[in-house]
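Trainee: Predicted coordinates and the sequence they were generated for:
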Amino acid sequence: MKRILDYDPATKTVQFYHEDELTGDVALETRQDITAIVEHNKALFNQVDERARWGDRQTHIATLPLSVLVEVGKITNNFKDKAAFDRWMDNPDNRVFRTRPGKLFRPSSPLRTR
């Protein structure tokens, strides 16, 4: 059985409740229409000069929908693992969330000292 629990028109997020009638197992599923975010990201991405320097640390590199942000937070230990976040952002499967080209992940050199 599948039921809608909640709908947020501002974020276009729907939360579903699933119950397996045979086992009694329940699950929550969150879905979000990210079409507008992806189209906006594409427009921003296409405006960036690929040769332009990144500048300061406040460079806008992505816009993530709330539902994706939650999942990325789990993967990156609540964003404490910067290298994991950078690898996730560099993954071609996630390029629809990027607002500018370039690589984020830079493996640290074993010869580098602090």
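Mentor: Everything's here; your move. Residues are numbered from 1 along each chain as shown.
Trainee: Spell out the residue ranges of the helices in the chain.
Mentor: 35-47, 66-75, 82-90 (DSSP state H).
Trainee: Now do the last one: which elements does it pack against?
Mentor: Which is helix 82-90. helix 66-75 (3 or more C-beta pairs under 8 Å, 6 or more residues apart in numbering; DSSP states H and E). No exception for glycine: its C-beta is placed from N, CA and C like everyone else's.
Trainee: Can you list the neighbours in contact with the helix it packs on?
Mentor: 11, 13, 30, 31, 32, 34, 64, 79, 84, 85, 88, 97 (C-beta atoms under 8 Å, 6 or more residues apart in numbering).
Trainee: confidence score at the first one?
Mentor: The one in question is residue 11. On pLDDT, residue 11 comes in at 90.
Trainee: Could you pull up phi and psi at the residue of the chain positioned farthest from its centre?
Mentor: When distances to the mean C-alpha position of the chain are computed (C-alpha atoms, centre = their mean), the maximum falls on residue 22, with 34.7 Å. Phi and psi for residue 22, reported as degrees, to the nearest 10, are phi -80, psi -40.
Trainee: Residue 1 versus that one, what's the distance?
Mentor: 11 Å (C-beta to C-beta, to the nearest Å).
Trainee: Map the structural domains onto the sequence of the protein.
Mentor: According to automatic domain parsing, the chain is divided into the following domains: 1-33, 34-102.
Trainee: winner for burial among the ones you listed?
Mentor: Mean neighbour count (mean count of other C-beta atoms under 10 Å) peaks for domain 34-102 among the domains of the chain, with a mean of 13.
Trainee: I'd like the average pLDDT over it.
Mentor: For domain 34-102, mean pLDDT is 90.
Trainee: Now do it: distance from first to last residue.
Mentor: Between the opening and closing residues of domain 34-102 there is a gap of 23 Å (C-alpha to C-alpha, to the nearest Å).
Trainee: Understood, closing this out.
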